[in-house]
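Novice: Just a sequence and a predicted model for now, questions to come.
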Amino acid sequence: MASASKTQTITQSFFLLFLCCQPLLAQIPNPETLAEKHQQYRVKSLEDRRVKHRDIQPLIDHYRQKPQFKVQRVGTSVEGRPLHLLSTGTGPTQVFLWSQMHGDESTATMAIFDVLAFLSDPANQAITKPISQKLSIHFLPMLNPDGAEVFDRRNKLGMDLNRDALRLQAPESKVLKRIRDSLQADFGFNLHDQSRYYNAAFTPKPATVSFLATAFNEAKDINETRKKSMQLIVRMNEVLQILAPGQVGRYDDTFEPRAFGDNIQKWGTSLVLIESGGYQNDLEKQVIRRLNFVTLISALSAIGDESYAQEDHQDYFDIPMNDRKLFDLKIKEVNQTWKDWRGVTDIGIQRIEVDDTAHVNFYHKSQIVDLGDLSTYYGYEEFDARGYDLVVGKKYIPQATDPKIPSKTQAIALLKKGYLYWQVAQAPSDVEVDVPIFLVSPKFVVPDNSLYLGKNPNFLLRKNGLITHAIINGYLIDLSQEVDSFRNALYLR
Ligand SMILES: [Zn+2]
């Protein structure tokens, strides 16, 4: 018994020794675990891309109460909206992240607040403590709040802030330069969005995230500063390949003398530009927001433990280039007739967003953006229309017994009979129509079957004498299925 008790005591002492003297084991964040955790830290008040300054101000104020955060007002936008810097960490390595210098590029702004929520939760200490001991991290979310207000790229003066790094005329640009200089930041994250029509070159996959280790000169030389950017990108790419395989692109690194990314690299900060692009069925970029969250935390961790430095910077060049070969919808080889001509064509369609006056919501007004042989292009949605004829729809004039506006079921039944337009006596209050048929005025003339760039894509597809599909404002509708994901038709005068 005595020896057993002794053994127990030794074991206990050893265990206690282990507990009190073992430093908190640094934990390398697992991308999949982080992606799962995002749900917990996703700031729910930021719901979609049209994030405004008034949406983030209460979140910024929240961090004033937290002792491990320092919140400073660092400037003011042209229209008087305050710009804030949120800092955390006590380490010697300075990391500076800013988002939305283009007002309509908000994915990373949403992600930054999710990252802040993660960093501020003591439950994540195993990951966050090593980061905060090694790094001082500074976030400047929404550098261009005036642009965000109207969901526009440029600031209130119509300037592209990312072409103002030399002249520094816009107040927002001056703030960015001053913060970079005062921090003498070791690492910089320049967080943007890019068009969802970018794909990873020679693949149908969207470039969901694209990276750029900006060049600091025309020769695109690689010095120590830029090499670190590349190594960090190689690490972030590895993380993303787990969550979105094949969906990472590399942005063109042509030197842009007026851009911040290029100049900040020149000023000695290892600069990483992150572009959030498109992802399948993620119009509001909430999946991409999650990918940003995982990527940013992984990057901070890799800078903290300096593990990024083990990466071979040459692997950066293995990331496929960005290409712009995606459509929202691609129709392949449909039969078209025009007078005596009969042939096949591919149709490339983009669903263009039209904002409401408050820039909080939008509807789609689609366009044909390309025609002909589009065999080197891809669609988020593709339809093989070989053997189908393109058919112009007819106008339906409602009977006395018909409702003012058809139900979805009634609309589908009419589409099958070749009708695409429903006449209304009075213009509806909204141009956006939520049943899959166009509402038209009595004056409306049904368009012919010519196709041209810029045309609103509306037609029917017929095979073996049967109308099986409709394309309504750029949405493909399979008439044999229940319609669920339809967004909007239009009222046409
Ligand atoms: Zn941008």
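Specialist: Received it, and whenever you're ready, just let me know what you need.
Novice: give the contact list for the closest residue in space to residue 325 that isn't next to it in sequence.
Specialist: Nearest non-adjacent residue to residue 325, counting by CB to CB, 6 or more residues apart in numbering: residue 377, 4.7 Å away. Any C-beta I mention is one placed from the backbone N, CA and C, and that applies to glycine too. Contacts for residue 377 (CB atoms under 8 Å, 6 or more residues apart in numbering) come out as 325, 326, 327, 330, 346, 348, 370.
Novice: Need phi/psi at the last one.
Specialist: So the one you mean is residue 370. Note on residue 370: backbone dihedrals following degrees, to the nearest 10 are phi -160, psi 150.
Novice: what is it paired to in the beta sheet?
Specialist: Going by DSSP bridges, residue 370 is paired in beta bridges with residue 348.
Novice: Report pLDDT for residue 122.
Specialist: pLDDT for residue 122: 96.
Novice: likewise residue 486?
Specialist: 87.
Novice: for the nearest residue in space to it that is not next to it in sequence, helix, strand, or coil?
Specialist: Spatial nearest neighbour of residue 486, chain neighbours left out: residue 436 (5.0 Å); criterion: CB to CB, 6+ apart. When classified by DSSP: H, G, I helix; E, B strand; the rest coil, residue 436 comes out as coil.
Novice: thinking residue 436 is in contact with residue 487, fair?
Specialist: No: if you go by CB atoms under 8 Å, residue 436 and residue 487 don't touch, sitting 9.7 Å apart.
Novice: My guess is residue 308 contacts residue 231. True?
Specialist: Yes: contact status for residue 308 versus residue 231: in contact at 4.9 Å, counting by CB under 8 Å.
Novice: picking up where we left off before, quick one: which of residue 436 and residue 487 has more around it?
Specialist: residue 436 (23 against 17; other CB atoms under 10 Å).
Novice: what's the more buried one sitting at in phi/psi?
Specialist: Dihedral angles phi and psi of residue 436 (degrees, to the nearest 10) take the values phi -80, psi 60.
Novice: Would you mind measuring from it to residue 417?
Specialist: Relative to residue 417, residue 436 is positioned 14 Å away (CB to CB, to the nearest Å).
Novice: residue in the stretch 151-300 of the chain nearest to the ion?
Specialist: Closest to the ion within the stretch 151-300 of the chain is residue 192: 3.4 Å, counting by CB to the ion.
Novice: Work out for me the element residue 468 sits within.
Specialist: Assigning secondary structure by DSSP states H and E places residue 468 in strand 466-472.
Novice: which strand residues sit across from residue 191 in the sheet?
Specialist: For residue 191, the beta-bridge partners are residue 99, residue 274 (DSSP bridges).
Novice: Am I right that it is in contact with residue 98?
Specialist: Yes: assessed by CB under 8 Å, residue 191 is found in contact with residue 98 at 6.7 Å.
Novice: Pull out the buried residues from stretch 216-234.
Specialist: Residues of stretch 216-234 classed as buried: 216, 222, 225, 226, 227, 228, 229, 230, 231, 232, 233, 234 (neighbour count, 16 or more other CB atoms under 10 Å).
Novice: With pLDDT, secondary structure and distance to the ion as new columns, can these be given to me in a markdown table?
Specialist: A markdown table is the format used below for the buried residues of stretch 216-234 (pLDDT from 0 to 100; DSSP: H, G, I helix; E, B strand; the rest coil; distance: CB to the ion, whole Å):
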| residue | pLDDT | secondary structure | distance to the ion |
| --- | --- | --- | --- |
| 216 | 97 | coil | 19 |
| 222 | 98 | coil | 24 |
| 225 | 98 | helix | 22 |
| 226 | 98 | helix | 20 |
| 227 | 98 | helix | 24 |
| 228 | 98 | helix | 22 |
| 229 | 98 | helix | 17 |
| 230 | 98 | helix | 21 |
| 231 | 98 | helix | 24 |
| 232 | 98 | helix | 19 |
| 233 | 98 | helix | 17 |
| 234 | 98 | helix | 23 |
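Novice: of the residues you listed, closest to residue 425?
Specialist: residue 233 (59.1 Å; CB to CB).
Novice: List the contacts of the closest one.
Specialist: By CB under 8 Å, 6+ apart, the contact set of residue 233 is 211, 213, 272, 316, 319.
Novice: ranking these by neighbours, who comes first?
Specialist: Within these, most neighbours by other CB under 10 Å means residue 213, with 28 neighbours.
Novice: Dihedrals phi and psi, that one?
Specialist: Dihedral angles of residue 213 (phi, psi; degrees, to the nearest 10) stand at phi -90, psi 100.
Novice: Look up how far residue 136 lies from the residue nearest to it when sequence neighbours are not counted.
Specialist: Distances taken as CB to CB, 6+ apart put residue 229 closest to residue 213, at 3.7 Å, once the chain neighbours are dropped. Relative to residue 136, residue 229 is positioned 19 Å away (CB to CB).
Novice: quick one: which of the contacts of residue 233 is nearest residue 56?
Specialist: residue 272 (22.3 Å).
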